[in-house]
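Q: got a predicted model here, sequence first, then my questions.
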Amino acid sequence: MRKFSEKEKKILSLFFSNTSKSVFVLLNMPEVLKGALFSRYSRSSKSLRELFLDDYLNNQELNLSQKIKAVENFSAVQEFLNSGKAKEFYRKWLAMYGDDSIAELGGIHLGIENISIIATKIIEDRRIGLSPLEKSTRYVRFDDKVSGKYRYYRDPQILKSRFGKLYLKTMDNLFETYSKLIAPITNHFRKKYPQTSEVTDKAYEASIRAKACDTLRGLLPLGTLTNMGVFGNGRAFEYLLTKMYASPLPESRDLAKSMRQDLGTVIESFIERVSSQKGQNYIEYLQQSEKGNKKEAVKLLGSSEILEKQSGVRLVLAEPEAEIKAVTAILYPNSRLDWKSLYRLVKKYSSKKLARTLENYVSQRQGRWHKVGKAFEQIYYDFEIVSDVGVYKDLERHRLLTYFRQPFTTKHGYEIPTDVIESGFEKSYRRGLDKAHKTYLKLRQRFPEQAQYLVCHGHLMRWKIKMNLREAFHLCELRSSPQGHPGYRKVAQEIYFLIKKNNPLLGNSMKFVNLTNPGLERLSSEIRKEEKLARLTR
């Protein structure tokens, strides 16, 4: 992050809770500006405060620089209100009724910078009440240096240990390999997908850049430093802080302290229980519970281990009589029968009758953006997925998924992207991931949590998801779309095929699953983006 001038600091202090720390709260901005900033944030190498100064403060349409005095006055009024009756009301209400739901009525935008990707996963694991947006490995290069050093997390405990030099050497090697391969891989794609006359330079270069980043992100370790924005309500932030304080990862606990400090400047009343005795007891409960669970697993399972060597999706549990339950749920709101009687009636329907009812239920959809009805929430599936870490990162953001992941590890191995092999850089790619694996094995005995910083996006992992059919429609149709990453597009297609194999009538209802291989994934999306921008400009 660049150094700000005194004038810039004065301006920033009106819109951010601090001007220099990695954690900060957005202040005195309209909601649309906060949303625009966070959206831009995920695809930029700049810090959020830099983006605000460069892209918005001096923007002629917003004309914020001419209204600083008004913002100063408003800031004083807001500070007075924050310290007044509302704060006291919340304390009394909570004391009298213990109603936590009131904390859901206050929302806040939080910026978090220079944290590891592992830390973002801890935050994103808290699905309810939070809306996170993370810097994208698909659109932004991660090989920039600060003071001559690559941007990855340097855990103090590791650096002080005998593994410190090995950790630094291994991480540097991963980033050097990533950086050296960007240009030749980009040229490989230019030859493989030559620009046609109807495609603009801007759209073509953006899609080529995304393809190169997509292909090489497998080399990026989970210790990579990134930025993220989080919008959430007070109740969600209170629970997030509690979980982060209870985490066995030191970075998470340190980050929780910083977040607690800046969130406290705006929503102190909503999160003050985290520091209370009740909050400390809750944190201790979570810590002891997790330790107990691990101890019990070791006692029962010992060192039993099954390693995966290939990505794929397995259907491990499916809803019995799924079509019958789905049709019952479709008919129930418009019937005068109780559920049990209606269910018995639908069980007698022929396959043809069931198919007609299901087809009618989805017949008005014109695209994947037309959501299916909640009758399909009656049907659940459990899938076990073996994918690379990058695919997990992309898919775990679906909040209606219930997911369980095993610890990030290098022991399942990795798969080499086809384009890395075609372009002749397989040896370099393998060398980077193999070195990470060897260092990981050395660190995990002493630092089991921090060793995960060495796991790369390309390493395989095993995780399980439970979702209802309505969410399956959304995931399969969205994540199979042409602009998607080829890794998660494959997972979405496999889930669709498994549902269709197990329940053909339900699978046939998914009309907008894409089964093609587009090659240059982002090109059509970039072209549409330019067309939309041109229409808006006109």
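A: Looks like it came in fine. Computed from a predicted model, the values in this text were never measured in an experiment.

Q: now the strands: where do they sit in the chain?
A: For the chain, the strands defined by DSSP state E cover 23-25, 107-116, 130-134, 145-146, 149-150, 225-233, 312-318, 380-388, 402-405, 460-468.

Q: parallel or antiparallel, which strands does the second one pair with?
A: Here strand 107-116 has these sheet partners by DSSP bridges: strand 23-25 (antiparallel), strand 225-233 (antiparallel).

Q: one more: the fourth one?
A: Strand 145-146 has its sheet partners listed here by DSSP bridges as strand 149-150 (antiparallel).

Q: list the contacts of the partner strand.
A: Applying CB atoms under 8 Å, 6 or more residues apart in numbering, the contact partners of strand 149-150 are Asp143, Met171, Asp172, Phe175, Glu176. For the C-beta atoms, the positions are set from N, CA and C on the backbone; glycine is no exception.

Q: what do you get for stretch 315-331?
A: Outside stretch 315-331, the residues that touch it by CB under 8 Å, 6+ apart are 339, 342-343, 346-347, 349, 354, 357-358, 361, 373-384, 464, 469, 498-499, 502-503, 505-506.

Q: list the contacts for the residue positioned nearest the centre of the chain?
A: When CA atoms, centre = their mean is applied to the chain, the residue found nearest the centroid is Arg397 (4.5 Å). By CB under 8 Å, 6+ apart, Arg397 lies in contact with Glu124, Pro132.

Q: coming back round to it: nearest to Glu251, of the strands of the chain?
A: Closest to Glu251 of the strands of the chain is strand 107-116 (CB to CB; 6.1 Å).

Q: now the closest one: how far from the chain's centre is it?
A: The chain centroid and the centroid of strand 107-116 are separated by 13 Å under CA atoms, centre = their mean, to the nearest Å.

Q: do stretch 292-309 as well
A: That offset, for stretch 292-309, works out to 27 Å (CA atoms, centre = their mean).

Q: span of it from start to end?
A: Using CA to CA, to the nearest Å, the end-to-end distance of stretch 292-309 comes to 30 Å.

Q: quick one: mean pLDDT for it?
A: Across stretch 292-309, the average pLDDT comes to 94.

Q: so Phe142 makes contact with Leu220?
A: Yes. If you go by CB atoms under 8 Å, Phe142 and Leu220 touch, sitting 5.7 Å apart.

Q: list the residues that contact both of those two?
A: Contacts common to Phe142 and Leu220, judged by CB under 8 Å, 6+ apart, are Tyr178.

Q: follow-up on the earlier one: nearest to Gly292 among the strands of the chain would be which one?
A: Short answer: strand 402-405, nearest of these by CB to CB, at 17.4 Å.

Q: packing partners for that closest one?
A: Applying 3 or more CB pairs under 8 Å, 6 or more residues apart in numbering; DSSP states H and E, one finds that strand 402-405 contacts strand 460-468.

Q: quick one on the thing from earlier: looking at the strands of the chain, spot the one closest to Arg365.
A: Between those, strand 460-468 lies closest to Arg365; by CB to CB that is 17.4 Å.

Q: buried residues in that closest one?
A: Buried residues in strand 460-468, counted by 16 or more other CB atoms under 10 Å: Leu460, Met461, Arg462, Trp463, Lys464, Ile465, Lys466, Met467, Asn468.

Q: quick one on the thing from earlier: ramachandran angles for the residue nearest to the centre of the chain?
A: When read as degrees, to the nearest 10, the backbone of Arg397 gives phi -70, psi -10.

Q: ok, back up a step: save the strands of the chain as CSV, and put in mean pLDDT and distance to Ile185 too.
A: Compiled in CSV, those are given as follows (pLDDT from 0 to 100; distance: least, CB to CB, whole Å):
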stretch, mean pLDDT, distance to Ile185
strand 23-25, 93, 34
strand 107-116, 94, 25
strand 130-134, 92, 23
strand 145-146, 93, 20
strand 149-150, 96, 18
strand 225-233, 94, 21
strand 312-318, 97, 26
strand 380-388, 98, 17
strand 402-405, 94, 29
strand 460-468, 97, 21
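
Q: for Thr265, find the nearest of these.
A: Closest among the strands of the chain, once you apply CB to CB, is strand 23-25, at 6.5 Å.

Q: these two touch, right, Val491 and Val386?
A: No. Taking contacts as CB under 8 Å, Val491 lies outside contact range of Val386: 9.6 Å.

Q: what about those two, which has more around it?
A: The residue with more neighbours, out of Val491 and Val386, is Val491; 27 against 20, by other CB atoms under 10 Å.

Q: any idea how far Ser247 lies from Thr418?
A: Using CB to CB, to the nearest Å, Ser247 is found at 37 Å from Thr418.

Q: sorry, back to before: identify the contacts common to Val491 and Val386.
A: With CB under 8 Å, 6+ apart, Val491 and Val386 have common neighbours Val313.
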